[in-house]
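Asker: Need a 3D model of the sequence below.
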Amino acid sequence: MEYQYPIDYSWTTEEIIDVVKFFEAIEKSYETGIERENVIKAYRRFKEIVPSKAEEKTICGEFEEISGYSAYRTIKKAKEASPGEKIKIQ
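Answerer: Numbering: from 1, shown residues only. Prediction:
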């Protein structure tokens, strides 16, 4: 797919890279599946960069709108999964 990730240009280069990694983890959960720990780790780092729940909803909503992939569904499933489990969204 060709689309741009929702990015805040006030973030540092490292923060932008980490947010992109988070979105790539969400994509992977839909496309091939991803280890639960990788999703949780990427989400924790994302929350360090975007601590506001309102901003998180906005950014993740934009991502879902352009990609069709729900960060909310992936994170919810990862939190419910057992350690070592692979997350695959249908």
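Asker: so where do the strands sit in the chain?
Answerer: In the chain, the strands defined using DSSP state E lie at 34-35, 86-87.
Asker: Helices of this protein, start to end?
Answerer: Using DSSP state H, the helices assigned to the chain run over residues 13-31, 36-49, 53-67, 71-80.
Asker: how about these, which one is nearest residue 3?
Answerer: Judged by CB to CB, the one of the helices of the chain that comes nearest to residue 3 is helix 53-67, at 4.5 Å. For the C-beta atoms, the positions are set from N, CA and C on the backbone; glycine is no exception.
Asker: now that closest one and helix 13-31, what's the angle there?
Answerer: Here helix 53-67 runs at an angle of 60 degrees relative to helix 13-31 (axes from the mean of the first three to the mean of the last three CA atoms, to 10 degrees).
Asker: buried residues in helix 53-67?
Answerer: For helix 53-67, burial by neighbour count (16 or more other CB atoms under 10 Å) applies to 56, 59, 60, 63, 64, 67.
Asker: and of those, the nearest to residue 32?
Answerer: Closest to residue 32, out of all of the buried residues of helix 53-67 and judged by CB to CB, is residue 67, at 15.0 Å.
Asker: Now render the helices of the chain as TSV, adding distance to residue 7 and mean pLDDT.
Answerer: TSV is the format used below for those (distance: least, CB to CB, whole Å; pLDDT from 0 to 100):
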stretch	distance to residue 7	mean pLDDT
helix 13-31	6	97
helix 36-49	11	98
helix 53-67	9	97
helix 71-80	15	97
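Asker: got TSV for those, with distance to residue 6 too?
Answerer: Compiled in TSV, the helices of the chain are given as follows (distance: least, CB to CB, whole Å):
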stretch	distance to residue 6
helix 13-31	8
helix 36-49	12
helix 53-67	4
helix 71-80	11
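Asker: Of the ones you listed, give the one that comes closest to residue 4.
Answerer: Set against residue 4 and scored by CB to CB, these come closest in helix 53-67, at 7.3 Å.
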